[in-house]
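Undergrad: Return atomic coordinates for the entry below.
(2 chains, ligands or ions: 1)
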Amino acid sequence: MQIAEVTRRLAKAPRDARLHLRRGELYRRHGEWDRAIRDLTRAHALSPDLITVSFVRAHTLREAGRHREALTAIDVYLVRHPDHGTALLERARDLHALRRHAEAADAYTRAFARLATIRPGFYLAQARALVAAGRSADAVRALDKGIARLGSALPLRVYALELELEQKRYAAALARLDRLLAKARRKEKWLVRRGEVLLAAGRPQKARADFARALAAIDALPARHRNAPVMKKLRTTAEQGLRKSRGN
Amino acid sequence: MRITTVLIPLVFLVAGCSSGTPVVTIVVPPGPDLTVSALVRVGATWKFLDDGTDQGTAWREPDFDDTTWASGQAEFGYGDGDETTLTNFGPDPANKFVTTYFRREFQVDDPAQVVDALLTLLADDGALVYLNGIEVVRDNMPVGAIAFSTLATGAISGTTETTRRVNAIDPVLLRQGRNVLAVEVHQGDITSSDLSFDLDFLISTGAPFVVRGPYLQQVTRTSIIVRWRTLRPSESRVHYGAAADALFLNAGSDALATDHEVLLTDLTADTVYYYAIGTSTGLAAGADDSHNFRTAPAAGSTRSIRVWVIGDSGTANINSQRVADAYRAFAGNERTDVWLMLGDNAYGSGTDAQYQAAVFETYPDFLRTTAVWPTIGNHDAVSADSPTESGPYYDIFTLPRHGETGGIGSGTEAYYSFDYGNIHFICLDSQDTDRAVDGAMLTWLQADLADTMAEFVVAFWHHPPYSKGSHDSDDAGDSGGRLRDMRERALPLLEAAGVDLVLTGHSHSYERTVFLNGHYGTSDTLTPAMILDGGNGREAGDGAYAKNGAAGAVYVVAGNAGQTGGGSLDHPAMSISLNARGSLVLDIGPGRIDGRFLDEGGVVQDTFTILRGE
Ligand SMILES: [Fe+2]
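TA: As a prediction, the model looks like this:
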């Protein structure tokens, strides 16, 4: 059923909350936020017990960037369905957008406990909320939970590595790099990174070995990869690292 | 199909083995004794009553006396012009009879042998079907008691009128000897212009009927996933081997399922396997020449790879059919190695039923021989719930999360990569995933690009970075800024790693660029320095595009496998822009990529070549 058909039916039954919900959902799919929200708000007013409206309305408000109203709507829904995973996730995303970081981080945790599948981006979001709340150590722990649950979760591993470095936890950072290196088919990117960490950790000799290995790996690449801008940049970084590790 | 099954006693099982009962199956080549038989065929002769009398409930019973009813051949009805037997709607066209009755008897020799029964119904507008007096199908009718005057739930029209709806029937209801089907067809409206009825009723003594697939996913050098759907839950088993009559190997699960998914492992690279699907004791499909696949080539292979690319193909109509037929004719006996779907695979909202029509009923031959690699479009996303990776798109496709097919695991099915031959394919989600450069997807992309040794890198997603078709990549508001985001954020990362070819859809046109590098703004910011080769890329024309260093890529919009969408079609980065339906055919061999745009009439309207100059 399309928008025109629902509009025709609404002309006959203007107080039908389900029709307003239907049309609001259709407008939402077309990205017409204002119209969608108008219909969903009307549906909510006509039939406050039609709880689905609160969920769709919250979702639409969030998509429209109206997070404060979205949060109110999703809280109404959560009173009736306190364990609804997707609704809890909506709430976390609203709190995050409203920069209520600590609450957002906790809300993510509650949502994750109820969801069968969690995308890596949400773990990343939770970690960023924790960092913004000044809880970097908790952020690393949250990322490790995500890594344990997802297995393949490269962005989480990379962010955890960066956080370890910010906290100057070099041993932990090196351990993470070793795991990334073990999994990589091409090692040069991670070797350069490890060289930098070793330099920062005051171990120039080991760093030098990594930079040298990275340069050798880059040289061994087929020209099509060796000449790619990312690899040229990596070569420059490795050469600079090599110089620094020699103390000049 | 005759199958001899030897069950190995469980006592020989090694503890901890979880693969289920080991079964050695010997499949005898297809013979005349097929396991499927029709109890009632389309176009059968039925007794019917169309005199407007209310028959209450007695007429449903098997021993009801219908000798006074008329007899006729299906299809029954009026108003559509395709009826074999016209039925009577009464004296007043504005007040037609609501209900028309039908009965037919048939024989079953040995009901205990029947493992599944399938009733396919064509009924306009609604119907109830009784088997031996028991209601087995309620189609487009309200819940609760049904009277002579009860109207169907809604008048059906358009394509729904001709859609035959499939129902699983419990074989337990079949009796030895005489059985009776009784059907009441109801109008949705007493002024309705038409009425239709026909059905067919099949039984299987082998395995449950397959209503979707088989279809293939995640082919690698050594593995493949086979999926299919039955209406009746059953175990899942794939029998496979080197020839259609030598399916000596099998894999599967004893767990009961309707959506079946079986991973075959330990296969040999670049090898053709034949297969059949079903259970340990019966086959539902396959064991013939049309059910086979080839594994991916071994490392170092120099075989050319055939890729078929369709975008926005989900119209489920004559247009998508013609595009598919043109490729069938073009390919002939040549095998398709890699099949990409660029999103909007099932209009209008990517529901399971829309996928059934737009994918499973449109490409059954490709689906059972070539693994398909899709990306999500905005229409697929309507029914998919991307945050939780659920809904039809995610349920239908089994995509690699953990690097199962090469590349770095993304941890999600929304975006992934795979190796095939010497090509690294990358699928991004331009629809429902955070497109920020420091977001999970583009972080993963950078690591994945830095991890491949492949000779060529081909990336694909739905929203085109450059287009002046039914979508405008210069309009920052088009599709929520997705076209712009992908151009500004994904393209620099891809080009920095030397991407060769980028494929997208969304605009219902064919638009193919010249050899580009570093164009990340709107079309008015295109400078000569960004055009590495402004020719048409044809060896017989301006010359092939020579990729000597890492720079240079071709961008193709091919969202035209189901419809055209017009537009100004004048993006300055394009070598050619066409408002035509068709598909993109790629042949990727050592040192070269050859692309062809094959239109729905079978005419090649564009060719281009990228030559690796090292
Ligand atoms: Fe689209």
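
Undergrad: Just the pLDDT for B:Leu13.
TA: If you check B:Leu13, the pLDDT there is 24.

Undergrad: ah, wrong one, I meant B:Pro32
TA: Looking at B:Pro32, its pLDDT stands at 30.

Undergrad: Equivalent analysis for B:Ser470, please.
TA: 96.

Undergrad: Could you do the one 10 residues further on as well?
TA: As summarised for this prediction, B:Gly480 has a pLDDT of 88.

Undergrad: and residue 55, how many neighbours does it have?
TA: Picked chain A for this. Around A:Phe55 there are 21 other residues, counting by other CB atoms under 10 Å in any protein chain shown. In short, each C-beta sits where N, CA and C put it, glycine included.

Undergrad: wait, chain B
TA: Applying other CB under 10 Å, I find that B:Gln55 has 17 neighbouring residues.

Undergrad: got the contact list for it?
TA: Going by CB atoms under 8 Å, 6 or more residues apart in numbering or on different chains, B:Gln55 touches B:Leu49, B:Tyr101, B:Phe148.

Undergrad: how about TSV for those residues, with secondary structure and distance to chain A added?
TA: Shown next, in TSV, are the contacts of B:Gln55 (DSSP: H, G, I helix; E, B strand; the rest coil; distance: CB to the nearest CB, whole Å):
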residue	secondary structure	distance to chain A
B:Leu49	strand	35
B:Tyr101	strand	32
B:Phe148	coil	28
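
Undergrad: Now flag whichever of these is closest to B:Ser192.
TA: B:Phe148 (15.8 Å; CB to CB).

Undergrad: Now the phi/psi pair for the closest one, please.
TA: Backbone torsions of B:Phe148, given as degrees, to the nearest 10, read phi -60, psi -40.

Undergrad: For the closest residue to B:Phe397 other than its chain neighbours, which residues are in contact?
TA: Once flanking residues are discounted, B:Phe397 sits nearest to B:Pro374: 5.6 Å by CB to CB, 6 or more residues apart in numbering or on different chains. Applying CB under 8 Å, 6+ apart, we find B:Pro374 in contact with B:Leu340, B:Met341, B:Gly343, B:Asn345, B:Tyr393, B:Phe397, B:Leu399, B:Cys427.

Undergrad: of all the contacts of B:Gln55, which comes closest to A:Leu115?
TA: Out of the contacts of B:Gln55, the member with the shortest distance to A:Leu115 (by CB to CB) is B:Phe148, at 49.9 Å.

Undergrad: can you tell me which residues contact the closest one?
TA: B:Asp54, B:Gln55, B:Gly56, B:Val98, B:Thr99.

Undergrad: so, if you compare the residues you listed, which one comes nearest to chain A?
TA: The shortest gap between chain A and any of these belongs to B:Val98, at 23.4 Å (CB to the nearest CB).

Undergrad: partner residues bridging the residue nearest to B:Phe397?
TA: With DSSP bridges applied, B:Pro374 shows beta-bridge pairing to B:Met341.

Undergrad: Can you give me the distance of it to B:Asp270?
TA: According to CB to CB, to the nearest Å, B:Pro374 stands 24 Å off from B:Asp270.

Undergrad: Quick check, the residue in chain B closest to chain A?
TA: Closest point on chain B to chain A, by CB to the nearest CB, is B:Gly409, at 2.4 Å.

Undergrad: Mind checking which residue lies nearest the centre of chain A?
TA: In chain A, the centroid-proximal residue (CA atoms, centre = their mean) is A:Gly121; its distance is 2.6 Å.

Undergrad: pLDDT score for it?
TA: Looking at A:Gly121, its pLDDT stands at 95.

Undergrad: Quickly find the element holding it.
TA: Assigned by DSSP states H and E, A:Gly121 belongs to helix A:120-132.

Undergrad: That helix packs against which elements?
TA: When contacts are defined as 3 or more CB pairs under 8 Å, 6 or more residues apart in numbering or on different chains; DSSP states H and E, helix A:120-132 sits against helix A:85-97, helix A:101-114, helix A:136-150, helix A:154-166, helix B:440-449.

Undergrad: for these, which one ends up most surrounded?
TA: The highest mean neighbour count among the helices and strands packed on helix A:120-132, using mean count of other CB atoms under 10 Å in any protein chain shown, belongs to helix B:440-449: a mean of 24.
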